[in-house]
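**Q** Show me how the following folds:
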Amino acid sequence: MLETRTSAPDAPPPPNPRAAWPTDLQQAYEDGRESGVVGSVLVSETDRVRVWHLTIPVGKRCGFHRHVLNYFWTALNDGRARNYFEDGRTADTDHYKGQTRHLDFGPGEYMVHCVENIGDTDLNFTTVEFLDSPNTPIPIPEDRRMRAPS
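**A** Below you'll find the model as predicted:
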């Protein structure tokens with residue numbers, strides 16, 4: 001999903017597609033739109049893949065994040081989610097255990113979104129990103145990497 005913006009030099013700025021969102025959700029978008037943290041914790045990383053676990057408790061949401069790498073996710077249990085996308089769209093989804101979706105991005109393409117748990121069970125996913133994708137991986141902060149218990 002390539003974001004393209006073109007306008008005449010004196011044209012007014014395009015309308016904010018997220019203007020109808022609550023203020024806290026708009027701020028969460030601004031805070032996370034460049035983040036490569038696509039899960040709760042990065043549990044493994046090699047020269048080929050990043051493996052993430054994502055847990056979203058009932059009534060909570062993960063932070064906004066930017067997908068630039070080809071990846072897939074798998075739902076580890078049943079649940080209900082609402083996605084908020086950069087273009088202002090929302091989409092509600094019923095997830096089932098084992099559900100898997102693959103997404104690919106060409107050069108310069110990306111997707112920014114967050115996921116809210118609107119169901120009555122915690123949401124749990126595993127996400128695998130492929131580092132040999134057409135885009136450069138976004139660096140991940142050290143505090144998002146799993147550490148063995150001491």
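
**Q** OK, contacts around the closest residue in space to Ile138 that isn't next to it in sequence?
**A** In space, Ile138 comes closest to Gly36 once its chain neighbours are excluded; the distance is 2.7 Å by CB to CB, 6 or more residues apart in numbering. All C-beta atoms are positioned from the backbone trio N, CA, C, and that covers glycine. By CB atoms under 8 Å, 6 or more residues apart in numbering, the contact set of Gly36 is 65-66, 68, 137-140.

**Q** Using TSV, please lay out these together with neighbour count, pLDDT and distance to Glu129.
**A** Below are those laid out as TSV (neighbours: other CB atoms under 10 Å; pLDDT from 0 to 100; distance: CB to CB, whole Å):
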residue	neighbour count	pLDDT	distance to Glu129
His65	20	98	11
Arg66	19	98	12
Val68	21	98	9
Pro137	15	98	7
Ile138	17	98	10
Pro139	7	97	13
Ile140	18	97	10
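
**Q** Which residue ranges of the protein form strands?
**A** Ranges of strands in the chain, per DSSP state E, are 41-45, 49-56, 65-67, 71-75, 79-85, 90-95, 100-103, 111-117, 123-130.

**Q** Out of those, which gets nearest to Arg147?
**A** Among the strands of the chain, strand 41-45 comes nearest to Arg147, with 9.3 Å by CB to CB.

**Q** Now tell me what touches the closest one from outside.
**A** Strand 41-45 has contacts (CB under 8 Å, 6+ apart) with 50-53, 140, 144-146.

**Q** re earlier: so which of the contacts of Gly36 is the closest to Leu76?
**A** Set against Leu76, the nearest of the contacts of Gly36 by CB to CB is His65 (18.9 Å).

**Q** tell me the contacts of that closest one?
**A** 32, 35-38, 112-114.

**Q** Please tell me how far the residue nearest in space to the middle of the chain sits from Lys97.
**A** Central residue of the chain (CA atoms, centre = their mean): His65, 4.3 Å from the mean position. Remark: distance between His65 and Lys97 (CB to CB, to the nearest Å) = 23 Å.

**Q** likewise Gly59?
**A** 21 Å.

**Q** Ile140 now?
**A** Distance of Ile140 to Lys97, computed by CB to CB: 27 Å.

**Q** Touching, Pro17 and Gly88? I think so.
**A** Yes: contact criterion CB atoms under 8 Å: Pro17 and Gly88 qualify, at 3.2 Å.

**Q** That'll do, ta.
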